[in-house]
Every structure is written in structure tokens, then in C-alpha cells.
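1. sequence and predicted structure are below.
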Amino acid sequence: MAEKEPIESEEPKQGRRPYVDRELEEYRSLMEVPSTFEDGFNRRTIIGALFICFIMIPSSIYLGLVAGVGISAAAEWVTIILFTEVARRSFQRLTRQEVYILFYVAAALTTMVGSGRAGGPFANLVWTQYFASSPAAKGFGIAAGIPEWVVPKPDSPGIIERTFVHADWLVPIGLLVLGQIIGRLQWVGLGFILFRITSDIERLPFPFAPIAAQGSTALAEQTQKRETWRWHIFSVGAVIGLAWSVFYLFIPILSGSVLSNPIQLIPIPFIDLTTRTEKILPGWPTGIATDVSGILSGFIVPFWAVMGTAAASLIAMFVNPHLVRTGNMPHYEPGMDTVQTTFVAWQDYWLPAGIGVAIAIGIIGFWEVGKNLYMAKKAGDIKRREEMGVTGAARGDIPIWLCIAFYLVSVACLVVICRILIPRFPMWWLLFFGFFYTPVMSYISARLTGLIGQGIAIPMVREISFILSGYRGVDIWFAPIPLGDMGPQAQFFRTVELTGTRMTSVIKAEILMFPLILGTSFLFWQFIWRLQPIPSQAYPYAQKMWPLESMQQALWFTATGEDSTFFRDAVFRPDKVRVIFIWLGLAMGGYTILASFRMPTMFIYGLIRGTGQMPHGIILQLVGALLSRFYFEKRYGRRQWKLWAPVLMAGFACGMGLMSMAGSALAMVIRSVKQFPY
């Protein structure tokens, strides 16, 4: 039976409350801070981390290269379900704290780090070696400028033999390990300080933190004897994921291990129709994505955000052909496929348009921060959470002096490393980013996240600073600049608090994960890279999408090239500057109109997200959003369906992940045997 819609509370009469988007308001929920805290790190966590590293990571690598999707959700659910079932049959139960730490470890170890790249930090080295020798890097004239501390030279045995076990890789791997250590010190130190300020001192509510916290609570229910509705919904999603992935993933993965061209019953990652529609829609990449998880994501993503992204695709469908016919897309030629068409459209028009939209995002974000803080303070209506009934010691707080030391040491290390690697880059930029910009912007982001659940970041700060600095050379783009946003970490620590997990559990988990992720990432990426070049026909997603990413990245890198004019022609010509201001005005105007009439502002954010992007994926997401809005919500009730959809998506990801794990395991065994001379 469908649940009734929650009754909205009346607004206070004194003053005026800051306007909050109604669709975002639906995602808010309340959850009390527990009166006691427990350690979620124990031997079960250690066993879970080992299970994920040696079972899940190789599958996540394979799935990313083949289909461009990760198994983070699958890893989380498979690990939790396995451990809860073992615990139940042992007449034990997993605590909420144990479930959350397992959940955190699984998500951290299987996170995607780029386009079709999962499996830990060594994924970046495999990508970098491809990029350094890619046609894009050579064509834009930047390949020769990539230093050896980034990747060995193309004639190095470490590249020719496709192995990390070579002396030429010592410096890149050493910098990688240092970066992993410094990054952890940075986010733990500054992130916890921001949590203490915004949550403990300012008492901000962090409206979205309870969502993740309630997820671990729901998973902990599985250790009880009774089954909840979550298990039934999850099972339905898992069956759908298993059935679909047999055709979409299992057959291509397995056939690719024995045939030169894998059998793709369903094209991966999309059906390309660009050459068939070029007479009607020249310059517009036409096609449809084939991963049905896009439909399920449409169930979850806010409806008006999906509508905005779809509107952006429709705008491009009319704009691109007009640009071709008026001669404003000079790099386009008939016969180009989706990837080539997407890049030339991005280079000739959508790059400056995207810059204009990015500037609008920054302005809108700052405006929202100032407006909400002013209106809330004026009305005396900043919603604050209840006082905690526990002390910092019971919560397992990290000493503030230690957090400050973590952050200062991490920034100092990054500054020193940058001075060694790029001595010609102005020192004051490094100091400004590390000791002023990052802390200040992180605090603003954390405060906004605490108030309305959404942070803020000024887009393209890194890129613009490189250009304005006057630095010449490609090496700057690979340097570990001390620039980042640690604001979201405040919400992370708030989630840890809501689950009743001691903060020290997170530190212990990070200490455990550090050597495990480095070791297994090295082991499995080395193994898979040795089996076959990456990208190649065995990895359809990487073969199609890595060239596009390399072209876009290479064009940005030419901005600091010695004699390159590619970037200047794409951005700084008068007609390109005009495009920047046109889209800045359109984005600002659209947001102002929607906000003024209290219409869904998520539409404009969706429009911004879809600007200049490939339209293939939005088609399935649009189908999912329409089904969700006009069928499932009406049949099951809006609130009930909002509860079911994420669990259904998690089950689908789990089923898809299990089938991909089976296929990748068999494929690796077959390819290993094929290496033998008998």
C-alpha cells in the first residue's frame, strides 16, 4: 500500500526562509546521533578488505575497460550480503558500525578514477602511458614535452614490454605512492577540522548525511531473522542485472579471450548512428547507449535534472547542424563517427560554451551561499541539530592539533615536490592554493553542504591559473598542485557520526587499505596490461572512449605550449569569447527566471551538465525518468518508489558485477594459459 506524502511543516512567520528546491527537499530526512559509539574496525573488516582486493578489483578493472562502468555498488552489496549471511548462519550479527566500515572500504577500493579506469592508483599510470604515445598527444605536439617523472619514454623497455617492473618506472611509481600518502593526510586533516567547525560548533544539519547512514542501518537488518522489503527489491534488481549482463558483458568478455574480435551481441558502449544521420543532422553525434543501467539511474536522479540534460541535447541537435551550415564548425567533415564528431564540436564551439557555463556555476554557487546565509540569519531560522549527549573522546575524535599538523605537512610536501619537478612555476601560486584558496573554498563548500546538502567549487581554477601564470611547458599539467575541495569530507564525517562509528575506525581502515590497494592495483594492472595492449579490441569501451578523452586533454595542455595556437584558437579568438559570454548569460538568465518563479532549479543544473556532452546516455536516462514519474510513482506512491529505486539499482549493479566477475575470471585464466608455449 502506498505511503502517504509527508505533511510539510509551516514556514515561520517572522522573516523569510531561504528558498529550498522542493525536489531536493524530498531527499532530506532526520536521524538522531546515537548515544554511544562503537569501533567498526575488526577482523571482519580486514577479511572484507582482502576479499574486495583479490576478488573485486580485477573484475572492476576488466568491467571498466570493457563497458566503462564500475562495480562499486556491486562490491558494497556483495561484500555486505556475504558477511551478513555468514554471520547469520553462525548465530551472530553484524553491528551497524561494522556494516558501515565494510561499506566504506568496498566503495573506496573499487571507485572509478577516470573514463573506464578502476582498480586503484596504477590505473592512472596505464592511462598516462597511453596518453603519452597517443595520436592526440603527437598531433597536438605535446608528446615530446611529457617528462620522464610522469611516464618513461616510448622506447623504454618498461613501455615496449608493458611492465611496471623496470627501473624507468621507479620515479613515476614513487611519486604515485607519495601522492597517496599526502592525499590521505590532506583530506583527513582538513576534512575533520571542517567537520568540527560546521557540525560541532555551528551545528549545521547536513541534510543528506542521513541517507548514507540509513543505508548501513538497512544493511545491518539483514543479520536479523526476518527479511525486509529491501531484500525482495534487491533480489529483483539482481536477477535483472544477471540476465542482462549475460548478453552485454559475459559473452563479449569471454569471447574476447579466445577471438581477435570479441562477439558483441549488443554494441558496447553505444550504437553509433552518426554517419547515418549526417545528411539531416550534420555535426551532431547521433546514437544510443546500450547499458540499461541508464534507465535505472533515471529512476534515482532528480526528474528535472534529467529534463535539463535532455534539453541540452535537444539544443545541441539544432545548434550543431546550424554551425556546420554556416561554416562555424570548420574541423567537421562528413563521414566522422561519434567520437570524432563529438571532439570537433567540442573544439569548435562547446569548449568556450562550457567555459561560459562553468563561470555561471561559480557565480550561482556564491550567490546561493550568500543568499541562504543572509536569509537564514535574518529569519533566525538556520536549522541546527540537537546537542550531542557524548563527548569527543567517546566519539573517537582525532585531536585538532594533529589534524592541523596533517594538513600543514601535506601542503608543505606538495609545495616542495612541485618546486623540484617544476622549478619555473611561480612559488606564490603554490602557497596561495595550499594555504589560502583550498582551506577557504573548502570551508565555504562544507558550510553550504551542511545547510542545503550541495557544495560549491569554482570550475576550471586549475586550468585558468596555469594559463594566467604565463608558464610554458606541458609538465605543469602533471604536477601535484596543492589545490582541492575538502568540503565534502565534512559530510562524510557527519555520516560516520550518525552511524555511531568511532572516528578512529576510519583511520584504521585507511591504514589497512593503503598497502592493500597499492599492492593489488600494481599486481592486477601489471597482469592485465601484460596480457594485451590497452586499449585494444578486447576492451571495447577503452578503444572507443580513451581516444576522445586524450584529444580533449591534449587540447587543454596546448594552452601552456611553447608555440602552440590550438588552445588560443579554440578559446581566445573574438568569436569564441563571444560564445563564452553568450552561454554565461543564458545560464545566468535561465537560473534567475526559474529561481524567481520558484520553479525547479535542478532543471538549469541538468542543462549545465548536458552542455556539449554526448547525447547517447541521456536517452535511456530520460526513459527511466519518465517511467518513474508517470508510471511507478503513480502505481506505488511517490515516497514508496523513492525508497525502492536506489535498492533496485543496487541489486542490478550487484547482478551485473557478479556476472562480470565470472566472465573476467574465466577470461584471465584463458589468456594466461594462452601465454604458455604448449
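-> Done, it's in.

2. ok now the one helix or strand residue 662 maps to, how far from the chain's centre?
-> Residue 662 belongs to helix 638-674 when assigned by DSSP states H and E. Centroid separation for helix 638-674 versus its chain: 18 Å, with CA atoms, centre = their mean, to the nearest Å.

3. for it, give the mean pLDDT please.
-> Averaging pLDDT along helix 638-674 gives 78.

4. same check, this time on stretch 270-278
-> The average pLDDT within stretch 270-278 is 87.

5. CA atoms of it as CSV?
-> Taking Å, rounded to 0.1, in the frame of the first residue of the first chain, the C-alpha atoms of stretch 270-278 are listed here in CSV:
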residue,chain,number,x,y,z
PHE,A,270,26.7,2.6,-27.7
ILE,A,271,25.1,2.2,-31.1
ASP,A,272,26.7,4.8,-33.4
LEU,A,273,24.2,6.3,-35.9
THR,A,274,26.2,9.5,-36.7
THR,A,275,27.1,8.6,-40.3
ARG,A,276,23.5,7.6,-41.0
THR,A,277,22.1,10.9,-39.9
GLU,A,278,24.8,13.3,-41.1
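
6. quick one: contacts of it?
-> Applying CB atoms under 8 Å, 6 or more residues apart in numbering, the contact partners of stretch 270-278 are 284-290, 334-338, 341, 614, 616-617. For glycine as for every other residue, the C-beta is placed from the backbone atoms N, C-alpha and C.

7. now do the contacts for the nearest residue to residue 422 once chain neighbours are set aside.
-> Spatially, and ignoring its direct neighbours in sequence, residue 422 is nearest to residue 479 (5.0 Å; CB to CB, 6 or more residues apart in numbering). The contact partners of residue 479, taken as CB under 8 Å, 6+ apart, are 417-418, 421-422, 425.

8. sort out for me which of the residues you listed are in helices.
-> Among these, DSSP state H puts 417-418, 421 in helices.

9. list just the nearest of these to residue 509.
-> Using CB to CB, residue 417 comes nearest to residue 509 of the ones in helices among the contacts of residue 479, at 26.3 Å.

10. now the host helix or strand of residue 321, how far from the centre of its chain.
-> Per DSSP H and E: residue 321 is located in helix 303-325. Remark: helix 303-325 is offset 23 Å from the chain centroid, using CA atoms, centre = their mean.

11. ditto for stretch 417-434
-> What separates the centre of stretch 417-434 from the centre of its chain is 27 Å, taken as CA atoms, centre = their mean.

12. quick one: residues contacting residue 363.
-> For residue 363, counting by CB under 8 Å, 6+ apart, the contacting residues are residue 588.

13. start at 426 instead
-> That works, and once the first residue is 426, the last one we named lands at residue 788.

14. separation between it and residue 774?
-> 22 Å (CB to CB, to the nearest Å).

15. same check on residue 688?
-> With distances taken as CB to CB, residue 688 is found 38 Å from residue 774.

16. and those two? which has more neighbours close in?
-> More crowded of residue 688 and residue 774, by other CB atoms under 10 Å: residue 774, with 23 against 11.

17. what number of residues lie near the nearest residue to the more buried one once chain neighbours are set aside?
-> Excluding the flanking residues, the one nearest residue 774 by CB to CB, 6+ apart is residue 748, at 5.7 Å. Using other CB under 10 Å, residue 748 is surrounded by 21 other residues.

18. next, count neighbours for residue 726.
-> Counted with other CB under 10 Å, residue 726 comes out at 19.

19. next one: residue 704
-> 8.

20. report all helices and strands that the strand or helix carrying residue 503 contacts.
-> Following DSSP H and E, the helix or strand that holds residue 503 is helix 497-514. With contacts taken as 3 or more CB pairs under 8 Å, 6 or more residues apart in numbering; DSSP states H and E, helix 497-514 sits against helix 468-476, helix 521-534, helix 634-645, helix 1063-1099.

21. who wins for proximity to residue 507 among those helices?
-> Closest among the helices and strands packed on helix 497-514, once you apply CB to CB, is helix 468-476, at 7.5 Å.

22. got the angle for the closest one vs helix 521-534?
-> Inter-element angle recorded for helix 468-476 and helix 521-534: 20 degrees (by axes from the mean of the first three to the mean of the last three CA atoms, to 10 degrees).

23. chain center to the next helix or strand after helix 468-476, what's the gap?
-> Sequence order places helix 482-492 as the next helix or strand after helix 468-476, per DSSP H and E. Helix 482-492 has its C-alpha centroid displaced from the chain centroid by 16 Å (CA atoms, centre = their mean).

24. buried residues in helix 482-492, which are they?
-> Buried residues in helix 482-492, defined by neighbour count with 16 or more other CB atoms under 10 Å: 482-492.

25. relative to residue 1059, how far out is residue 575?
-> 54 Å.

26. name the residue in these two with the higher neighbour count.
-> residue 575 (20 against 12).

27. just the pLDDT for the more buried one.
-> Per-residue pLDDT puts residue 575 at 90.

28. wait, what's in contact with it?
-> Residue 575 makes contact with 553, 557, 597, 900, 903 under the criterion CB under 8 Å, 6+ apart.

29. can we see that at 7 Å?
-> By CB atoms under 7 Å, 6 or more residues apart in numbering, the residues touching residue 575 are 553, 597, 903.

30. just those residues now: which is nearest residue 612?
-> Distances from residue 612 to those, taken as CB to CB, are shortest for residue 903 (20.7 Å).

31. OK, contacts around the closest one?
-> Going by CB under 7 Å, 6+ apart, the list of residues near residue 903 reads residue 575.

32. got phi/psi on it?
-> phi -100, psi 0 (degrees, to the nearest 10).

33. residue 1065 versus that one, what's the distance?
-> Distance, residue 903 to residue 1065, by CB to CB: 49 Å.

34. picking up where we left off before, take the ones in helices among the contacts of residue 904 and write them to CSV, including pLDDT and neighbour count.
-> As requested, the ones in helices among the contacts of residue 904 are exported to CSV (pLDDT from 0 to 100; neighbours: other CB atoms under 10 Å):
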residue, pLDDT, neighbour count
842, 93, 20
843, 91, 21
846, 90, 18
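
35. which members of the contacts of stretch 695-703 occur in strands, if any?
-> Counting by DSSP state E, the part of the contacts of stretch 695-703 found in strands is 712-714.

36. from the ones in helices among the contacts of residue 904, pick the one nearest residue 584.
-> residue 846 (20.5 Å).

37. residue 596 is in contact with the closest one, correct?
-> No. Residue 846 is not in contact with residue 596 according to CB atoms under 7 Å; the separation is 9.8 Å.

38. which neighbours do those two share?
-> Here residue 846 and residue 596 share the contacting residues residue 574, scored by CB under 7 Å, 6+ apart.

39. nearest residue to residue 560 other than its sequence neighbours?
-> Using CB to CB, 6+ apart, the closest residue to residue 560 is residue 972 (7.3 Å).

40. so what touches the helix or strand encompassing the one you found?
-> Assigned by DSSP H and E, residue 972 belongs to helix 965-982. The contact list for helix 965-982 (CB under 7 Å, 6+ apart) reads 490-493, 540-541, 555-556, 559, 561-562, 565, 567, 677, 689, 693-694, 764, 767-768, 771-772, 888, 899, 902, 959-962, 991-992, 995.

41. again, only this time at 6 Å
-> 490-493, 540-541, 556, 559, 561-562, 565, 567, 693-694, 764, 768, 899, 902, 960, 991 (CB atoms under 6 Å, 6 or more residues apart in numbering).

42. before we move on, what about stretch 1023-1039?
-> With CB under 6 Å, 6+ apart as the criterion, stretch 1023-1039 contacts 446, 448, 710, 727, 729-730, 732-734, 736-738, 767, 771, 775, 779, 782, 1015-1016, 1019-1020.
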